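Undergrad: Coordinates for the following, if possible.
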Amino acid sequence: MVAIFENSLLQHKTRYQLLATVIVNIITFGHGVGVGWLSPTLTKIQSVDTPLGFEVNLTEVSWLGSMLGLGSVCGNLTIALLIERAGRKFCLYLIAVPYACIWILIYCASNVYFLYAARFFCGFTGGAGYVVVPIFISEVADSSIRGALTSMVMLSVDLGILAGYILSTYLDYHVVPLLAIILPAAYFMANLMLPETAPYLLKRSQLSAAEKSFRYYKNQRDAISERTSKVDFEELRTAVLAQQNRNATPLSYKDLMTKPALKGFGASIVLCLGYQFSGVFSFINYMSDIFKASGSIVDVNTGTIIIGVVQIVGVYTSTILVDIVGRRVLMLISTMGVGVGCIAFGCFTYFAQIYDLSNFNWLPLVLMIIICYVANIGLIGIFFLVLVELFPVKIRSLATSLSVIFLSLVLFGTLKLFPLMLHYWGISITMWFSAASGLLTFLYFWLFLQETKGKSMIED
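TA: Here you go, the predicted structure:
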């Protein structure tokens, strides 16, 4: 009972940590809206009754999907250059600008290049946010709830994806951007109340600002808690200074070649490849096409919305369990579940071409629900939490940025190829390919992935 209370997000001392997490995740929610917008919209803009003055062909659809990856690479690189120089808060402000551009371009689209640019900026927002938001949260959160708060990044994305599915399914094409443009303004205004993180300010020798930030996020404002605050702050300052003394030499390539760094990079490569080649993110982007190809009886838009709800339930499950059962167990369950689920999905669609399985045409929806649920409890839900915790402190920001750049390049490739694989290989082989990737990732995690629950963010 005590452990449950200690992990509660509603404790007095962690309320402002929760508030800060909600505020910075407005942008990840917005990114999710941009991602979810595509799947139902593809059905509209590929039809004769397109709301635009032009139709989109298969090649253009594949580019629309993959531009997300190119934008993500640029977002990663931008934040990698700025996050230690300009600070976490500046980077959080910065990503409001490309997000606003998404909906302006979508609203004004007169040819497919407007949509390419919008998807590029959607990727830029995500690529930047996936680096700075987890780092910001990890530096303001207590270790007892850091896992839960950081996993809210993907919970917010999934909520946004569901909102994007619903809005673009039931509203007119030109109404959606008018509503979505409210998000960057709200995000920018809300961020004004949040101070920079204490660890970053301590690295910049801004002791007074760092102590104010520390007390704000610990919600220590009265006279009684002031004494406790000073003691806790001194412990943090001592730990940061000790870490700086250990890392007094400038960062060099040798720091990236140490055994802990190489182990971190190895795990991050497998994590990124498993995330993308298992197909779970491609499923989200092309859900309507998957349901069409599978012969599911459920209306494609309805099925897509159901999957959006399932994703939220999955990530919420990971939010509850991540600081209780740990990261490794959730990753193992997730990768095994995705692998087995994709094998079953592929087998159904294969035998449906040979035998009459019309009495079971509800099965693709059920299997996709299972796949998306288990993907979101681990592989998607705690991806960025695990990624941040893999690396030593000295190289954490750079290594996280490099890993997300690699992820974005793989993302570009998978989103470009997935619709072509569906078209030329068929749904069955595509799903079996995803299954093999998921199971290989499971095998690596089972043998090599270390538990990082409770790991300090200021000590190795």
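
Undergrad: so where's the stretch 1-150 of the chain uncertain?
TA: Applying pLDDT under 70 to the stretch 1-150 of the chain picks out residues 1-10, 12, 48.

Undergrad: how about a cut-off of 50?
TA: Residues of the stretch 1-150 of the chain meeting the criterion pLDDT under 50: 1-6.

Undergrad: Where do the helices of it begin and end?
TA: Per DSSP state H, counting those that start in this stretch, the stretch 1-150 of the chain carries helices over the ranges 2-6, 15-45, 58-82, 88-94, 96-108, 112-140, 146-170.

Undergrad: In TSV: those, plus distance to Ser296.
TA: Glycine gets a C-beta too; all of them are placed from N, C-alpha and C. Output for those, formatted as TSV (distance: least, Cβ to Cβ, whole Å):
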stretch	distance to Ser296
helix 2-6	40
helix 15-45	14
helix 58-82	20
helix 88-94	40
helix 96-108	28
helix 112-140	26
helix 146-170	16
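
Undergrad: of those helices, which approaches Glu211 most closely?
TA: Glu211 sits nearest to helix 112-140 of all these, at 14.0 Å, using Cβ to Cβ.

Undergrad: Packing partners of that closest one?
TA: helix 15-45, helix 58-82, helix 88-94, helix 96-108, helix 146-170, helix 198-203, helix 383-389, helix 396-424 (3 or more Cβ pairs under 8 Å, 6 or more residues apart in numbering; DSSP states H and E).

Undergrad: Tabulate these in a markdown table, adding columns for mean neighbour count and distance to Asp255.
TA: Shown next, in a markdown table, are these (neighbours: other Cβ atoms under 10 Å; distance: least, Cβ to Cβ, whole Å):
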| stretch | mean neighbour count | distance to Asp255 |
| --- | --- | --- |
| helix 15-45 | 23 | 28 |
| helix 58-82 | 21 | 15 |
| helix 88-94 | 19 | 21 |
| helix 96-108 | 20 | 31 |
| helix 146-170 | 25 | 24 |
| helix 198-203 | 22 | 16 |
| helix 383-389 | 26 | 17 |
| helix 396-424 | 21 | 9 |
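
Undergrad: out of those helices, which comes closest to Tyr373?
TA: So among the helices and strands packed on helix 112-140, helix 146-170 is nearest, using Cβ to Cβ, at 11.2 Å.

Undergrad: The closest one - contacts with which helices or strands?
TA: helix 15-45, helix 112-140, helix 176-180, helix 300-325, helix 383-389.

Undergrad: any idea of the angle it forms with helix 112-140?
TA: Angle of helix 146-170 versus helix 112-140, following axes from the mean of the first three to the mean of the last three Cα atoms, to 10 degrees, is 160 degrees.

Undergrad: one step back: could you export the helices and strands packed on helix 146-170 as a markdown table, including distance to Gly426?
TA: Listed next are the helices and strands packed on helix 146-170 as a markdown table, based on distance: least, Cβ to Cβ, whole Å:
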| stretch | distance to Gly426 |
| --- | --- |
| helix 15-45 | 19 |
| helix 112-140 | 26 |
| helix 176-180 | 32 |
| helix 300-325 | 18 |
| helix 383-389 | 29 |
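
Undergrad: just to revisit the earlier point, I'd like the helices and strands packed on helix 112-140 written out as CSV, with distance to Leu332 added.
TA: As requested, these are exported to CSV (distance: least, Cβ to Cβ, whole Å):
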stretch, distance to Leu332
helix 15-45, 25
helix 58-82, 27
helix 88-94, 32
helix 96-108, 35
helix 146-170, 16
helix 198-203, 31
helix 383-389, 12
helix 396-424, 20
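
Undergrad: quick one: which of the ones you listed is nearest Trp432?
TA: When the helices and strands packed on helix 112-140 are compared (using Cβ to Cβ), the closest one is helix 396-424, at 10.9 Å.

Undergrad: and the helix or strand following the closest one, how far out from the chain's middle?
TA: Using DSSP states H and E, the helix or strand that follows helix 396-424 towards the C-terminus is helix 427-448. Centroid separation for helix 427-448 versus its chain: 20 Å, with Cα atoms, centre = their mean, to the nearest Å.

Undergrad: Ok, stretch 386-396 next?
TA: That offset, for stretch 386-396, works out to 17 Å (Cα atoms, centre = their mean).

Undergrad: Just the endpoints, please. Distance across it?
TA: 12 Å (Cα to Cα, to the nearest Å).

Undergrad: residues of stretch 357-377 that come out buried?
TA: For stretch 357-377, a neighbour-count test (16 or more other Cβ atoms under 10 Å) marks 363-377 as buried.

Undergrad: Number of residues surrounding Arg239?
TA: Just to correct that, residue 239 is Ala rather than Arg. The tally of other residues near Ala239 (other Cβ atoms under 10 Å) stands at 17.

Undergrad: meant to ask about Gly274, not that
TA: For Gly274, using other Cβ under 10 Å, the count is 25.

Undergrad: And for Met189?
TA: 12.

Undergrad: now the host helix or strand of it, how far from the chain's geometric center?
TA: Using DSSP H and E, Met189 sits within helix 182-191. What separates the centre of helix 182-191 from the centre of its chain is 20 Å, taken as Cα atoms, centre = their mean.

Undergrad: swap in stretch 296-306?
TA: 24 Å.

Undergrad: Identify all contacting residues around that stretch.
TA: 39-40, 43, 162, 165-166, 169, 287-288, 291-292, 361-362, 364-365, 368-369 (Cβ atoms under 8 Å, 6 or more residues apart in numbering).
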